[in-house]
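[1] the following block contains a protein sequence and its predicted model.
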Amino acid sequence: MRVALIQQSNTGNSDENIAKLSSNIARVVEQGAELIVLQELHNGLYFCQTEDTSVFDQAEPVPGPSTTYFGSLAAQHGVVIVLSLFEKRAPGLYHNTAVVLEKDGSIAGKYRKMHIPDDPAYYEKFYFTPGDLGFEPIATSVGKLGVLVCWDQWYPEAARLMAMAGADVLIYPTAIGWESTDTEEEKKRQQDAWVTVQRGHAVANGLPVIACNRTGYEADPSGVTGGIQFWGHSFVAGPQGEVLALAPAMEDTNLLVDIDLERAEQVRRWWPFFRDRRIDAFDDLTKRWRR
């Protein structure tokens, strides 16, 4: 399967952002892409740097305008597309939602972000209700997609549950970067940890991992911080954690890579982690803490 990750910088003009995405989708289709993954909240700026009730006006229903528009592109090009949207479910009830569009433009399924961060410049708990759809892969014509979102990528339990439910690949639309006061040493530690933990998910579950991150600088509208430099670095890892493709840090990039889904079966035969799991001794994993 040929996969394309569209890593791009955004502006406050959603029409311009969507037009750029559309152009890049057409480009990667010309290069044979069958599955296209877009970054987290790809239609606009990463608005969670501040807590502002007017931002809720940006949310939309699913299905809604974005699924209709990108669904038409999926049908036009005959590709599967993974979207990342600010979903308005009901008045006062909003989610950070990934939507998978099938080749005919229909909605194959959706996933609501389960783990919601609340850090300086990442005030997502103000906007998003934790997901309630569980960790269920989405069946498509290119395979079962284990779609998770950004902060979910730090949790091995989420990756494991997706794998146990039959996912063929793990996919993470992402918006992560450096706050301006971070030292260079801290920046390197953060980025290395981000890559390492996801490669670990690939190894532990014997599955390819796709991480599509934003790039570019986005100012803090409040002026309290120096804004966020999203670090790009989108990548794809194989089922042994090997990096198959890597985007640069600070550039808009269309990253294409061929993934052999059958290789996962062979890797699991070599490294039978699922065979040797001591499920009889894991009950305490459902507790907040053991002591």
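    Perfect, thanks for sending it.

[2] Ala159: how many residues sit nearby?
    27 (other C-beta atoms under 10 Å). Backbone N, C-alpha and C define where each C-beta goes, glycine included.

[3] actually, Glu136.
    17.

[4] repeat that for Gln31.
    Neighbour tally, Gln31, other C-beta under 10 Å: 10.

[5] ranges for the helices of the stretch 101-250 of the chain?
    Listed in chain order, the helices of the stretch 101-250 of the chain (DSSP state H, counting those that start in this stretch) span residues 156-164, 184-205.

[6] nearest the middle, which residue of this structure would you pick?
    The centroid of the chain falls nearest to Pro173 when counting by C-alpha atoms, centre = their mean (1.5 Å).

[7] is it correct that that one is in contact with Trp151?
    No - shown here, Pro173 and Trp151 do not form a contact pair, counting by C-beta atoms under 8 Å, at 11.2 Å.

[8] and the residue nearest to Leu161 when sequence neighbours are not counted, what does it touch?
    Excluding its sequence neighbours, the residue lying closest to Leu161 (C-beta to C-beta, 6 or more residues apart in numbering) is Phe135, at 3.9 Å. Applying C-beta atoms under 8 Å, 6 or more residues apart in numbering, one finds that Phe135 lies in contact with Met114, Gly146, Leu148, Ala158, Leu161, Met162, Ala165.

[9] now the residues you listed: which count as buried?
    Neighbour-count burial within those applies to Met114, Gly146, Leu148, Ala158, Leu161, Met162; the criterion is 16 or more other C-beta atoms under 10 Å.

[10] how close does the fifth one sit to His201?
    This points to Leu161. Distance of Leu161 to His201, computed by C-beta to C-beta, to the nearest Å: 11 Å.

[11] check the second one too.
    According to C-beta to C-beta, Gly146 stands 10 Å off from His201.

[12] same thing with the last one?
    Distance, Met162 to His201, using C-beta to C-beta: 9 Å.

[13] mutual contacts of these two, please.
    Jointly contacting Met162 and His201 under the rule C-beta under 8 Å, 6+ apart are Leu170.

[14] mutual contacts of Pro173 and Trp151, please.
    Joint contacts of Pro173 and Trp151 (C-beta under 8 Å, 6+ apart) do not exist.

[15] let's see the pLDDT reported for the residue nearest to Gln153 when sequence neighbours are not counted.
    Leaving out its chain neighbours, the residue that sits closest to Gln153 by C-beta to C-beta, 6+ apart is Tyr172, at 4.6 Å. As predicted, Tyr172 sits at a pLDDT of 98.

[16] likewise Ala4?
    98.

[17] so who does Leu93 touch?
    Thr129.

[18] need the residues touching each of Gly146 and His201.
    With C-beta under 8 Å, 6+ apart as the test, Gly146 and His201 both reach Ala159, Leu170, Leu207.

[19] quick check: phi and psi at Arg275.
    phi -60, psi -40 (degrees, to the nearest 10).
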